[in-house]
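Chemist: Model the following, please.
(one chain, ligands or ions: 1)
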Amino acid sequence: MKLKVYKTNFLEQLTPLYDSMEAERFFTITLEKLKGWQRVDVVMNPDAELTDAEVAKWDVVLNALKIYKPIQYIFGMAHFYGLELKVNENTLIPRPETEELVEWIIKENADKGKINILDIGTGSGCIAIALAKNLPNATVYAIDVSDEALMVAQDNAKANDADVTFLQKDILITEELPLQFDVIVSNPPYVRNLEKHEIKNNVLDYEPHLALFVEDNDPLLFYRKIAVLAQKSLTPNGKLYFEINQYLGKETSEILQEYQYKDVEVRKDLYGNNRMIGAIL
Ligand SMILES: C[S@@+](CC[C@H](N)C(=O)[O-])C[C@H]1O[C@@H](n2cnc3c(N)ncnc32)[C@H](O)[C@@H]1O
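Modeler: Purely as a prediction, here's the structure:
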């Protein structure tokens, strides 16, 4: 079949489900992953053919997209802060908002000498690995409760030549952190069940609920627990950084103030939502 004809069919089948720009983006990614081609190659080779075997592979992708499987899980790969990271159903797909949190930490810590950093709830390892790559003076540790996520994170650190020490721990039952840290960062689960209706099917049906959801009656439990643990484990003037639920900026700030943190600052993400918070001990 001609690639041009397949493309028309691919886009037609996806545009009732996704907007046309997104469908076009899926085509481009599939083209790159399955054929090693860029969009310009399609223009330059108007008569290019797909063999039956190639069509079968493209159809697998198309059918998965039709049931809203995220393209990052289809190809097992996501991009974060210039890195290519392996992802699977045990790891959240890293988000652009989280890149902004990483950017904040890098800017504030680039000029410091040797520092220890801890990432709590590391998932794919995205935050820890991006920090290790961009802050060469930092020694980076990362915790997750999920062994499956930690396996992915470890592979990602290795593939990206980043030195990160991973530890399996349930932060909710941990009584102390293993070391003193200059920076503690976390993007913990923060989506309330009552916000589930705002979550798209591709997230709800495929991304790990362990990484996303908290109970409506105590949505900030991770923040409270980490604030308490960090009181004992941050160095003087050490800083805590969190990604936060956009609707709970005020409540999250109040927790940090209650636990005697100073200079509590809420920052917005690129969409204008309250999305991250920093505070000094
Ligand atoms: C919102 S995801 C963040 C993943 C990654 N840091 C990112 O920014 O994409 C939260 C992570 O916390 C982990 N997690 C959930 N409960 C935990 C617990 N009790 N102790 C430690 N980690 C936990 C999940 O496995 C998940 O990887």
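
Chemist: Which parts of this protein belong to which domain?
Modeler: 3-67, 84-280 (automatic domain parsing).

Chemist: Just say which of the ones you listed is most tucked in.
Modeler: Among the domains of the chain, domain 84-280 has the highest mean neighbour count (mean count of other CB atoms under 10 Å), at a mean of 18. Yep, even glycine has a C-beta here, placed from its N, CA and C like the rest.

Chemist: anything in that domain near the ligand?
Modeler: Yes - interface with the ligand: domain 84-280 contributes 92, 94, 98, 121-124, 126-127, 143-146, 149, 170-172, 187-189, 210-211 (CB under 6 Å from any ligand atom).

Chemist: Out of these, list just those in helices.
Modeler: 98, 126, 127, 149, 210, 211 (DSSP state H).

Chemist: And the helix or strand hosting residue 223, what does it pack against?
Modeler: In the assignment (DSSP states H and E), residue 223 maps to helix 221-233. On a contact count with 3 or more CB pairs under 8 Å, 6 or more residues apart in numbering; DSSP states H and E, helix 221-233 meets strand 181-186, strand 234-243, helix 249-258.

Chemist: how about the last one as CSV, C-alpha atoms only?
Modeler: Taking Å, rounded to 0.1, in the frame of the first residue of the first chain, the C-alpha atoms of helix 249-258 are listed here in CSV:
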residue,chain,number,x,y,z
GLY,A,249,-1.7,25.6,46.5
LYS,A,250,-3.0,27.5,49.6
GLU,A,251,-3.5,24.4,51.6
THR,A,252,-0.1,23.0,50.7
SER,A,253,1.6,26.3,51.7
GLU,A,254,-0.2,26.2,55.0
ILE,A,255,1.1,22.7,55.8
LEU,A,256,4.7,23.9,55.1
GLN,A,257,4.2,27.0,57.3
GLU,A,258,2.7,24.9,60.0
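
Chemist: Other residues contacting it?
Modeler: 220, 223-224, 227, 240, 242, 244-245, 264, 266, 274, 277, 279 (CB atoms under 8 Å, 6 or more residues apart in numbering).

Chemist: how far off helix 249-258 does the next helix or strand after it point, in degrees?
Modeler: Using DSSP H and E, the helix or strand that directly follows helix 249-258 along the chain is strand 262-268. In terms of direction (axes from the mean of the first three to the mean of the last three CA atoms, to 10 degrees), strand 262-268 departs from helix 249-258 by 160 degrees.

Chemist: From the contact counts, what lies against strand 262-268?
Modeler: For strand 262-268, the elements it packs on are helix 249-258, strand 274-280, judged by 3+ CB pairs under 8 Å, 6+ apart.

Chemist: want to throw those into JSON lines with mean pLDDT?
Modeler: Formatted as JSON lines, the helices and strands packed on strand 262-268 follow (pLDDT from 0 to 100):
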{"stretch": "helix 249-258", "mean pLDDT": "97"}
{"stretch": "strand 274-280", "mean pLDDT": "98"}
